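>>> starting from these lines, generate the structure:
(chains A and B)
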Amino acid sequence: MTDFTWLIGGEAGFGIMTTGVVFSKITTRSGYHIFDYVEYPSLIRGGHNAYEVHVSGDDVSHLSPTIDVLVCLNKETYEKHKSRLTPSSLVVFDKEEFEIKEDIKKIIIPFKKILTDLKGQSVMKNTISLGASIGLLGGDIGELIKIISEQFAKKGDEVINFNKLFVQAGFDAVKKNYSELILNYLTKKPGEEKLVLTGNDAFALGSVIADSRVYVAYPMTPSSTVLTDLAAWQEKIGMVVRHAEDEISVINTAIGSSYAGVRSAVGSSGGGFALMVESLSFAGITEIPIVVFIVQRPGPATGMPTWTEQGDLLFSVFSGHGEFPKIVLAPGDNEEMVELTAKAYNLADIYQLPVIVMSDMYLSESHKSVTKKFIDEFVKTYKVNRGKLIDQMTNNKSPSFVKTSEGKQNYLRYKITEDGISPRLIPGTPEYFYQANSYEHVEDGHTTEEAQPRIDQVDKRARKWVTYLKNDFSMPKVYGEIDKSEIIFVSWGSTKGIVIEAQKQLKAKGINSAFIHFNHIYPMDIDKMKTFFKQNKKYVLVENNSWGQFGKLLTMKTGIEIKNKILRYDGRPITATEIVHKVIKL
Amino acid sequence: MANIQDFSSYNPTWCPGCGDWGIGVAIKQALIQLGLSPSSVVAVFGIGCSGNMNDFLNAYAIHSLHGRALPNAIGIKIANHKMPVIAIVGDGDCYGEGGNHLVHACRGNHDITVIVHDNGVYGLTTGQSAPTAQKGFKSKSTPTGILETPINPLALTITSGATFVAQSFAGDALHSIAMIKAGIEHKGFSVINILQPCVTFNKVNTYQYYLQRVYKLDSNYKKDDFKIAVQKSLEINEEKFPLGIIYQVEKPSYTDQLSQLKESTLVDKNRFTDFDKIEKLFI
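Residues are numbered from 1 along each chain as shown, chains lettered A, B, ... in the order given. All right, here's what the predicted structure looks like:
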C-alpha cells in the first residue's frame, strides 16, 4: 500500500508553500490521503522553508520519520533533512547548483538549464520540481496540468501554457534519464472526493456551516488564515469580516454583533487572546454568546511565532477575572475541528457564554485530507440550535415578561431559572428593551450591589455548567482497550493522530496500549473522569508543552496524578517515533 | 409616540448640579423628537459617571467595559444597520482608555453617534485628571499639575475621518438636543463633545468658566470645509470653545460599503447553505 513522504525545501519567499498545496491536491485527486506540515521562519525572505507531505492509501494524520523523495531547491534543504533519508530515498537536485558527495540515489534535474532555455524566473523551479516529482512517483501529469490551469485561470492561456512547458520539462527529465527509478506510488486509483484542509480552513468551514455571520480578528500567526479565508468568502456567504485595530476591539465588536443577534466569532493566538481576556469576562457576566478560536504557538510573549506548542491550555481554561462559566474544546484533527467548531456555536447560544476552541500551529497550518462525504454528511445532520431565544410570535407568553407595578411591560433578561439559562431577546423586538450589564445586576438588567441578587446571579450563571455537563459534555474517546493494555496514553487536542500512530508502532512491537483523548477539555465531569484512572496501569501523559498542563488540570480537578510524562516544547510537534522510544524505556 | 416617562428608568444618582443631568435630559428629548422609542434604539454606555446613565435611560443597551463602548456599538451596527446606535461615554473612557478605538471608528465612518461627556476629570474614581484636563491641572493623580497637554477631541476626530463633529455645552440643553439630533440623523460617524462641569471634582472648568468662553458658530460658518474645521477646532487650545457643528460631510458609511448588507440586515438575512461553493475551493 502506498505510504511515503515527499519533502520540498528552499529559500523562503520562493513559492514553496503554494507548491506543497498543489502537490497535496494532486495526490488527493489521484485517490490518496495526505497529512502535511510546513516549517518556515517568521520572515518573508531569506530563511529556509520546508514543506512535507505524508501520502497514504489510508486516512493519515501524522508525519513519518523518514523521507522517501527529497526535493532540494537549495543546498540547505539537503543538509537539514539528510538525516531522515533511507538507502532507498531519492534526492532531487541540480548538480549545477551544488554537489552531493554522499552515496545516495540522486535524481539530477537541470533546473538552471531549463530556466535559461525556457527563459523562466527562478520561482519556476517549483513548477519544474512538481513535474519531476509527479514523474518520479508515477503520477498523472494530466492531473498536474489541470491544477496548474485552474491556478492560473484568471491570468489567461498564455501564462498557463508557459507554465505547462516547465511542468513538462521536469517530467521529461525524469522519464528520459531515470526511468528505472520511477516509483508507482501515485498510480491513479478510485477514491472518495477529498478536501485538502488546514485546521484553520476547517474552523472557517465549520463556522460557515454553523451560520456564523460575523468574524473579527487582528492578524496573528498562526491564526491569520482564518481571517483571510473568511474575508475572501464574505460576500459569497453573506458574512461580515472585520479586521479591527486591536484584539480588544476585535472581541468587543463581536460581543456587540452577538448581542444584536448574530452568531459571532473571533480568532487569534495566545498574545492576541491575552488582550481579549478582560472582555471575555464581560461576555461572561452579560451572558453574550461568543466563540473564541485560539491557535497556540510557543510563548511567552512573541515566543516562536511560526512554530507549535500547546502552552496556553491553563491560561485559556482560567482566562478572565471574576468567576463565570465558559466551555473549552480542543479538536484532535480536521474532522473534529469541523464538528466541534459548529458545536461551539450551538453551545455558545444554548449556554450564553464564551466557548473557546483551541488549536495550535501544527493542527492549524498542516493540511489533512477530509472526504467530501464526511463534510456533506455532517452538514445534513448539523442543526443550528440558537438555544432559548424568545420567538417573536410567542414572546408575550414567556415567563421572562412581567408587568411592573405601573403596569408597564418588563423583560427579565437575567431571569433566575433552574438550568441557569435565561431566555434571550433580540434587540429591536417591539415593546421591550433591556440592558446587557457589565455590572452585577438584578433580573431585569439594572445594576445592583445588594447581597442576595448578587448571590442569585452568581449561582444562576454557575448552574449553566451543571446543565452543560448533563446535556452536552462529551467524555474523552478511548482508542484501544484500557483493560487489555499495559500502557495508557492521556492527551488532548492536536496530538491525537500522533499518539494513535505510536500505538500502532507499539503494537507491532507486541505492546498493547490504550489512548484516552480529550477534546471536551473544560469543564469536565469529575466523577465520570475518575473511572478512567482506577486501574493499576502505566499512564503516560503526552503534551506539546513543558509543564504538562492538561495533567495539572486533571490533578486539580480529580486528584489524579500522572507520573510518566512525554513532553515536547522545542516548537516542534511530538512524533510517534519519540513516543515509542520513550515508552519502551519506561 | 414615546414620551419622557417611557425613556425614564431609575432616578439618577448624579451629584446635584452635575452636567450629566442636562445631558441626560437632552439625550431623552432628542430621541423623543426623532420619533424613537426604547425598543427602536440601541445605546452603549462606557464606565464612569456618564455610563451610569445606563440605569436611568430605558433602551436596548449594553453597559460596556471602560473604554470599549465604541467597538460594541460598531458590532451592533454591523449586525443590524437599520437601528440607530448611540454610544454614551466619558472623556477618560473615550479619549483615554478607548482612544485607539475612537481613532479607528472615525476612519471606518461607522454609522454611530458618540456623545462624549467632557469634564476634564475622572468623576467616578474621585477626580483624577482626564486626557482633556488643561496642562497644569492639579488633581489627586497629578498633585503638582498634569504634565501632558490636553487631547483636542475636535481636531483628533476631524483629522481621523469622522464625518460629523460637533461641540455643545451641558448648560445649554436646547443646543445639546439639537446637536444630538443632528448627530443621530447624520449618516456616518458622528461625535458630539459636550463640555460639562464636574461640580464636585473640577473647580477650574465651572459653569462660570464655560459661560465666559463658549460661543455659538454663526449661521454662515462653512461646516463642510475640512481646513476651516481644523482651524476652528484648534481654538480650544486657546480656551475658546465654539459650539455647533464644527464639521460635517457626506460619505458612505462602513455598512453602506458592504455589498452583503444590500438586501437585508445581517440579523434578518437567510442562512447561507450552498456549502459546495466553499468546499470546491479545497478539492
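>>> just give the number of residues close to A:Thr86.
11 (other C-beta atoms under 10 Å in any protein chain shown). Heads up, the C-betas are built off the backbone N, CA and C, glycines and all.
>>> secondary structure element for it?
Element membership for A:Thr86, per DSSP states H and E: strand A:85-93.
>>> state the mean pLDDT of the helix or strand following that strand.
Note on strand A:85-93: by DSSP H and E, the next helix or strand toward the C-terminus is strand A:105-108. Mean pLDDT, strand A:105-108: 96.
>>> in the helix or strand that strand A:105-108 is followed by, what's buried?
Per DSSP H and E, the first helix or strand lying C-terminal to strand A:105-108 is helix A:111-118. Neighbour counts using 16 or more other C-beta atoms under 10 Å in any protein chain shown place A:111, A:114-115 of helix A:111-118 among the buried residues.
>>> the helix or strand harbouring A:His54 and chain B in contact?
Here A:His54, judged by DSSP H and E, is contained in strand A:48-56. No. Strand A:48-56 lies apart from chain B when judged by C-beta under 8 Å from any C-beta of the partner chain; the minimum separation is 15.2 Å.
>>> describe which strands that strand pairs with in its sheet and in which direction.
Partners of strand A:48-56 in the sheet, by DSSP bridges, are strand A:3-11 (antiparallel), strand A:33-39 (antiparallel).
>>> now render the ones you listed as a markdown table, adding mean pLDDT and mean neighbour count.
Below are the strands paired with strand A:48-56 laid out as a markdown table (pLDDT from 0 to 100; neighbours: other C-beta atoms under 10 Å in any protein chain shown):
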| stretch | mean pLDDT | mean neighbour count |
| --- | --- | --- |
| strand A:3-11 | 96 | 22 |
| strand A:33-39 | 95 | 23 |
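>>> reformat the ones you listed as TSV; add distance to B:Tyr60.
Listed next are those as TSV, based on distance: least, C-beta to C-beta, whole Å:
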stretch	distance to B:Tyr60
strand A:3-11	55
strand A:33-39	47
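>>> which one of these lies closest to B:Ser39?
Closest to B:Ser39 of the strands paired with strand A:48-56, according to C-beta to C-beta: strand A:33-39, at 52.0 Å.
>>> any idea how far that closest one is from the chain center?
The chain centroid and the centroid of strand A:33-39 are separated by 13 Å under C-alpha atoms, centre = their mean, to the nearest Å.
>>> go ahead and name everything in contact with it.
With contacts defined as C-beta atoms under 8 Å, 6 or more residues apart in numbering or on different chains, strand A:33-39 is touched by A:16-17, A:20, A:24, A:27-28, A:48-63, A:194, A:196, A:306, A:362, A:365-369, A:497, A:573.
>>> just the buried residues out of the residues you listed, in ChimeraX syntax.
In ChimeraX syntax, the buried subset of these is picked out as below (16+ other C-beta under 10 Å):
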select /A:16,17,20,24,27,28,48,49,50,51,52,53,54,55,56,59,60,61,62,63,194,196,306,362,365,366,367,368,369,497,573
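>>> who's in contact with A:Ile562?
Residues near A:Ile562 by C-beta under 8 Å, 6+ apart: A:490, A:539-541, A:548, A:551, A:554.
>>> out of those residues, list just those in helices.
Taking DSSP state H, the ones among the contacts of A:Ile562 that sit in helices are A:551, A:554.
>>> list only buried entries from the contacts of A:Ile562.
A:490, A:539-541, A:548, A:551, A:554.
>>> taking these together, which two end up most distant?
A:Val540 and A:Leu554 (13.0 Å).
>>> pull up the overlap in contacts between those two.
A:490, A:562.
>>> what's around B:Lys203, how many residues?
Neighbours of B:Lys203 using other C-beta under 10 Å come to 13.
>>> do the same with the one 3 residues further on
Using other C-beta under 10 Å, B:Thr206 has 14 other residues around it.
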